[in-house]
Structure formats: structure tokens, C-alpha cells
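Participant: predicted structure and sequence below. I'll ask about it afterward.
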Amino acid sequence: MTNPRLLVEVPSPGTEEYDRGDKFEHYRQISALQQYVIISHRERRITVWSRTNGDGDTWVETHFIDGDVVDLSSIGARFDVRTLYDAVVEPA
């Protein structure tokens with residue numbers, strides 16, 4: 001996909017540091033990207049980085065936990081953290 005407005009990651013334990021660090025730095029270079037989301041595999045926690053309307057190089061990090069509503073303005077979507085995690089089926 002070229003010029004995504006939103007990227008979502010569900011990192012594994014071995015990739016989480018890379019996803020939050022170097023990988024995000026690469027993603028920040030995509031001028032169309034407005035939001036980058038990491039959905040935790042360890043706890044009911046979602047991190048959303050949103051590009052501000054200013055110079056384009058400023059990002060705001062927001063954390064959402066169980067019961068919070070995540071607003072993905074980049075695609076006009078909202079969802080409850082609890083609803084997302086309750087829908088996940090754990091592998092047997």
C-alpha cells in the first residue's frame with residue numbers, strides 16, 4: 001500500500017521495541033501517515049500516535065486502556081478498547 005493514513009501493529013514480544021522505535025521512525029517519513037497504532041499483546045492497552053496539523057513532524061502519543069474509546073480520526077472510526085479485546089479469541 002502506498003501513502004497509508006493509518007498503520008496498525010500488534011507486535012510480538014520480540015518485535016515490540018523495534019515497532020515502537022526504529023520502525024516508527026521509518027513510518028514517520030510517510031507524509032500521508034496521520035496515525036500509528038500499537039495494540040498490546042500483553043495487556044488491554046492501545047497506543048496511538050497522531051500527527052499534529054502543524055509542521056507535520058510533531059506527533060502526540062495517547063494511551064487507551066480498558067473502557068476507553070479510541071478515536072481514529074484518520075479514518076473516521078471509533079471503538080471501545082474493551083470491545084476489541086473481548087472479541088479476541090485466545091489460541092488453544
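Facilitator: Done, it's in. Residues are numbered from 1 along each chain as shown.
Participant: drop to CA atoms for contacts and neighbour counts, all remaining ones
Facilitator: Noted.
Participant: quick one: distance of the helix or strand bottoming out on mean pLDDT in the chain to the chain centre.
Facilitator: Sorting the helices and strands of the chain by mean pLDDT, DSSP states H and E puts helix 16-20 at the bottom, at a mean of 78. How far helix 16-20 lies from its chain's middle: 12 Å, per Cα atoms, centre = their mean, to the nearest Å.
Participant: which stretches of the chain have low pLDDT?
Facilitator: Scanning the chain for pLDDT under 70 picks out 1, 54-56, 91-92.
Participant: for it, what spans make up the helices?
Facilitator: 16-20, 22-27, 81-86 (DSSP state H).
Participant: tell me what the shortest one is packed against?
Facilitator: When you say that, I think you mean helix 16-20. Taking 3 or more Cα pairs under 8 Å, 6 or more residues apart in numbering; DSSP states H and E as contact, there are no helices or strands that helix 16-20 lies on.
Participant: can you name the residues bridging to the residue nearest the centre of the chain?
Facilitator: In the chain, the centroid-proximal residue (Cα atoms, centre = their mean) is Val37; its distance is 0.5 Å. Counting by DSSP bridges, Val37 is bridged to Val8, Val48.
Participant: so what's it up against?
Facilitator: Val37 makes contact with 6-9, 46-49, according to Cα atoms under 8 Å, 6 or more residues apart in numbering.
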